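**Q** sharing a model prediction with you, sequence too.
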Amino acid sequence: MKIKYTVLENGLDFVLCSINNLMIATEDTIDEYSKKRLIKYSLLHLSSGIELIFKSRLFKEHWTYVFADMNKAKKELLISGDFHSVDNNTLFSRLENLCSIKVEQHDVKILNNLRKRRNRAEHFDFNEPILSVESLIHKSISILIKFLVENYDVNDFCDEETTLFTEIKDAMRKLTKHYDDAKAIAQKMLNQTGLSEYAVICPECQEVFLLRDDNVKCYFCGYEDTGESAADNYILNIMGIDGYSTVKHGGEYPLYECLQCGKDTFVLDSENERAFCFSCDFDCDVKELKFCSDCGSLFYESDGKGIGICPNCIEYKLGKDD
């Protein structure tokens, strides 16, 4: 007897294993220790499964596309498995450039976040809110199912692939109810604070249940942090911007001094057209913000009828004229 899987079948099997672990972890009878292990292995298996499924689409287009260096692609290396396969970043660019398959940037950020957490769980200490990891797993599986439906003809699946795909869809329907129930409870708790209108996306679970103050708290996954750390996590996990790489390459890190509380926790999220502070409840539309043409500082200009100079510079110029 041999263990034999197609690339796609192997990936789907990993994903189904991930979902099964997550389903068991949500049962009320599971103790805390077992729950942690099940969630951890759900994360590990899902990341491996998604990577295999994406690579299987490259492989379907042409077998050389799965090699890190396509110039060194050889059939005998493919058969033996003795080669370096394409990395995650190159994977998305090859799907777009060689297969005409574009994975939306929002989805890429979620999948990159999944991979980063997988790396931490596999190679380092791991300290994450369980619901945060569960939320990431849910979002990633939804992206995967959409990818399969849009970029594969499921009628071409072999019997084993079809069975696995059907089981994945059925299991996800059951999990979604549990997940929706958890969000409904979180919404009720958030509403009780009377501050639900100030909630923003949590950088850990990526659900809109995070309230901001001197210390931030997510009413869904339980994430708590300082404003400074939460702002950096938001920029990294939600906006996909790494501070070190951005500064190294001369880019602008979107973190500024808050116009209300004065702390360096004001995030400018241009993609979502919002700007908000992680140390107070100040937020606004990015169109209401300007950079001073004289000093370069950020300032608030809601009517759009200003002269492009911040109040401090205007005051300074008026003072000089006196």
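**A** Yes, it's here.
**Q** all contacts plus neighbour counts: C-alpha atoms, from now on.
**A** Fine.
**Q** and for M189, the neighbour number?
**A** M189 is flanked by 15 other residues according to other CA atoms under 10 Å.
**Q** chain neighbours aside, what residue packs nearest to V154?
**A** With CA to CA, 6 or more residues apart in numbering as the measure, T162 is the residue that lies nearest to V154, at 7.2 Å, once sequence neighbours are left out.
**Q** gap between the host helix or strand of that neighbour and the chain center?
**A** T162 is part of helix 159-192 when elements are defined by DSSP states H and E. Mean C-alpha position of helix 159-192 versus that of the full chain (CA atoms, centre = their mean, to the nearest Å) differs by 18 Å.
**Q** let me see the contact set for the most centrally placed residue in the chain.
**A** By CA atoms, centre = their mean, the mean C-alpha position of the chain lies nearest to I110, the distance being 2.6 Å. Under the criterion of CA atoms under 8 Å, 6 or more residues apart in numbering, the contact list for I110 reads 136, 139-140, 237.
**Q** what do you get for P203?
**A** Taking CA under 8 Å, 6+ apart, we find P203 in contact with 230, 233-234, 237-238.
**Q** quick revisit: can I get the contacts of I110 in CSV with neighbour count, distance to D180 and secondary structure?
**A** Supplementary listing: those in CSV, determined by neighbours: other CA atoms under 10 Å; distance: CA to CA, whole Å; DSSP: H, G, I helix; E, B strand; the rest coil:
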residue, neighbour count, distance to D180, secondary structure
L136, 21, 14, helix
K139, 16, 13, helix
S140, 22, 16, helix
N237, 21, 22, helix
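**Q** any idea which of those is closest to R37?
**A** Sorting the contacts of I110 by how near they are to R37, with CA to CA, puts L136 at the top with 16.3 Å.
**Q** on that earlier part again, ok, and for the helix holding T162, which residues are buried?
**A** By 16 or more other CA atoms under 10 Å, the buried positions in helix 159-192 come out as 161-162, 164-165, 167-168, 171-172, 175, 183, 186-187, 190.
**Q** low-scoring stretches of the stretch 101-250 of the chain, by residue?
**A** Along the stretch 101-250 of the chain, the parts satisfying pLDDT under 70 run over 247.
**Q** and if we set it to 50?
**A** Per-residue confidence of the stretch 101-250 of the chain (counting by pLDDT under 50) places no residue in a weak region.
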